[in-house]
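Chemist: Show me the folded form of this:
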Amino acid sequence: MKIIVGIDPGVTTAVAIFDLNGNLIEVFSKKGMNKGEIVKRILKVGVPLVISADKKKLPKLIDEISSALCTMSYTPKHDLSVKKKMELSKKFKPRNAHERDALASALYFLKKNKRKFSEIDRVLESMDLQKYSEHVKELILLGKAKSLSDALEKVLGDTKIITKKKPKITEKKISKDEKLKSLERSYEIAKEYIEKLERRVRELEEQKEFLLKEKLEESKKIRKELMRDKEIELRDNIINNLRKELEKERKAREELERKIEILEEERLVEAQGFLPVIKIHEFSKESIFSVKNIYRIFNRVLYFESPCRGKIVAKYLVSLRPRLVIGDFGKEESEILEQAGVPVIPKNLVKNNLAPFKRFFGIEKDVIENILKKERKNKFVKWLEAYKKRFL
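Modeler: Residues are numbered from 1 along each chain as shown. Predicted coordinates for the structure are as follows:
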């Protein structure tokens, strides 16, 4: 955790510690407290970004502690008056004048930077990046980033942040060529983004390795070891976050590759004069749902490889509105589909007319139409015979 520290040095030294949102974490005072004890107490709470005083001239103890912790110190342009210090600290009810002055030192710095911190939080919240608030504030406070966008690039591994509104979904028809081009563009963007993430991960791992070597070689001073540990931990966190982002982008790229392959094969089937037929292994909601996530089932021809039994599954299939289905359907399942306007063709009527492809079968449109005509004729003849037996 990043913290802001206010110190009032003297025979009795007081220390006040706040987080970057201005919440008081700890305030304490003790007579004869030495520099080492103060440093340890501070580091138990977090990593200080600023150590603040209430005097225009920086006290020697604060200067030494800032140097020991490799952090910046802050002094006001004028000594803070007792009235000002009481006004700043009254909310926290200090137990003595030393704690009052320590509280006022930190609170004065936070007040001076409140507008800047609020603006950072507002922008990060609008981009759903609140988790990077501490790191961004640190980079800007320490002068490691010139602007908010510069800080974000450093935090996120030099990747651009682009916020987009979700497009409004319409029923407008999009050609397969346009879909394919759109997927290819998305694929190229994802590929470039992944390459950037991979470069950033490599850079950070090299920096981490360098810091680890430095830690082993230089173990002369405790403060250096403590600060290096914090830096390594920070880089580990960044590397882990980038790896998660990288894995996410890899999966997205694989999905795009699969969709491009499906569209290309579908175009190949159509180019050879066939209707694409989607293969589904089992007649179950799980299998159909799995296929639905890959292909668009609406107004498509489906082929079920296993026997088709299950009224609930048949009703679910009707809700997806396929063009027609091919398979070994039971009587009840066929009735459910046909009553909903989904033609059913038995597998044995088309087995010699299916052209095999990697993901699809291909079947000529005329063959489908002829089979459907014969099936309608057969059903009409059967109905007529049943009618004659019943009423004639």
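Chemist: what are the ranges of the strands in this protein?
Modeler: Counting by DSSP state E, the segments of the chain that form strands are 2-8, 12-19, 24-31, 47-52, 72-74, 275-280, 301-304, 324-326, 344-345, 355-356, 360-363.
Chemist: so can I have a markdown table of these showing distance to residue 91 and mean pLDDT?
Modeler: C-betas here are computed from N, CA, C, even on glycine. Listed next are the strands of the chain as a markdown table, based on distance: least, CB to CB, whole Å; pLDDT from 0 to 100:
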| stretch | distance to residue 91 | mean pLDDT |
| --- | --- | --- |
| strand 2-8 | 14 | 94 |
| strand 12-19 | 12 | 95 |
| strand 24-31 | 9 | 94 |
| strand 47-52 | 17 | 93 |
| strand 72-74 | 21 | 92 |
| strand 275-280 | 67 | 91 |
| strand 301-304 | 69 | 94 |
| strand 324-326 | 72 | 92 |
| strand 344-345 | 76 | 90 |
| strand 355-356 | 77 | 90 |
| strand 360-363 | 71 | 90 |
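Chemist: Would you mind finding the most buried of those strands?
Modeler: strand 2-8 (a mean of 25; mean count of other CB atoms under 10 Å).
Chemist: That strand pairs with which strands, parallel or anti?
Modeler: strand 12-19 (antiparallel), strand 47-52 (parallel) (DSSP bridges).
Chemist: what is the orientation angle of the longest one with strand 24-31?
Modeler: Read it as strand 12-19. Interaxial angle of strand 12-19 relative to strand 24-31 (axes from the mean of the first three to the mean of the last three CA atoms, to 10 degrees): 170 degrees.
Chemist: Which residues does strand 12-19 contact?
Modeler: 1-8, 24-31, 33, 38, 41-42, 45-46, 61, 96, 98-99, 101-103, 105-107, 110 (CB atoms under 8 Å, 6 or more residues apart in numbering).
Chemist: that older thread, specify the stretch among the strands of the chain that is closest to residue 293.
Modeler: Ranking those by proximity to residue 293 (CB to CB) places strand 275-280 first, at 12.4 Å.
Chemist: now the closest one: how far from the chain's centre is it?
Modeler: 34 Å (CA atoms, centre = their mean, to the nearest Å).
Chemist: With stretch 292-310 instead?
Modeler: Distance, centroid of stretch 292-310 to centroid of chain: 32 Å (CA atoms, centre = their mean).
Chemist: how far does it stretch from start to finish?
Modeler: One end of stretch 292-310 sits 18 Å from the other (CA to CA, to the nearest Å).
Chemist: go on, stretch 123-138?
Modeler: Start-to-end, stretch 123-138 (CA to CA) is 16 Å.
Chemist: quick one: buried residues of that stretch?
Modeler: 124, 129, 132-138 (16 or more other CB atoms under 10 Å).
Chemist: Output these in TSV; the columns should cover pLDDT and distance to residue 338.
Modeler: As requested, the buried residues of stretch 123-138 are arranged in TSV below (pLDDT from 0 to 100; distance: CB to CB, whole Å):
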residue	pLDDT	distance to residue 338
124	81	57
129	79	54
132	84	58
133	86	60
134	86	63
135	87	62
136	87	62
137	88	66
138	87	68
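Chemist: I'd like these as CSV, with distance to residue 13 appended.
Modeler: Listed next are those as CSV, based on distance: CB to CB, whole Å:
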residue, distance to residue 13
124, 36
129, 38
132, 34
133, 30
134, 27
135, 30
136, 32
137, 27
138, 26
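Chemist: which among these gets closest to residue 319?
Modeler: residue 129 (39.3 Å).
Chemist: Tell me if I'm right that residue 359 and residue 268 touch.
Modeler: No: taking contacts as CB atoms under 8 Å, residue 359 lies outside contact range of residue 268: 10.4 Å.
Chemist: coming back round to it: now the strands of the chain in TSV, please, with extra columns for distance to residue 149.
Modeler: Formatted as TSV, the strands of the chain follow (distance: least, CB to CB, whole Å):
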stretch	distance to residue 149
strand 2-8	20
strand 12-19	24
strand 24-31	30
strand 47-52	20
strand 72-74	22
strand 275-280	46
strand 301-304	50
strand 324-326	54
strand 344-345	59
strand 355-356	54
strand 360-363	47
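Chemist: Compare those and give me the one nearest residue 195.
Modeler: strand 2-8 (31.2 Å).
Chemist: Could you export the closest one as CSV, CA atoms only?
Modeler: Presented in CSV, the C-alpha positions along strand 2-8 are these (Å, rounded to 0.1, in the frame of the first residue of the first chain):
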residue,chain,number,x,y,z
LYS,A,2,1.2,3.5,-0.9
ILE,A,3,1.0,6.0,2.0
ILE,A,4,1.5,9.7,2.9
VAL,A,5,3.4,10.3,6.1
GLY,A,6,3.5,13.5,8.3
ILE,A,7,6.2,13.8,10.9
ASP,A,8,6.7,16.2,13.8
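Chemist: where in the chain is pLDDT low?
Modeler: Under the criterion pLDDT under 70, the flagged ranges of the chain are 157-176, 179, 181-193, 196, 214-227, 378-392.
Chemist: How is it partitioned into domains?
Modeler: Residue ranges for the domains of the chain, per automatic domain parsing: 2-112, 177-271, 275-391.
Chemist: Make CSV from the ones you listed and add distance to residue 152 to it.
Modeler: Shown next, in CSV, are those (distance: least, CB to CB, whole Å):
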stretch, distance to residue 152
domain 2-112, 17
domain 177-271, 13
domain 275-391, 34
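Chemist: deepest of the ones you listed, which one?
Modeler: By mean count of other CB under 10 Å, the domains of the chain have domain 2-112 as the most buried, with a mean of 18.
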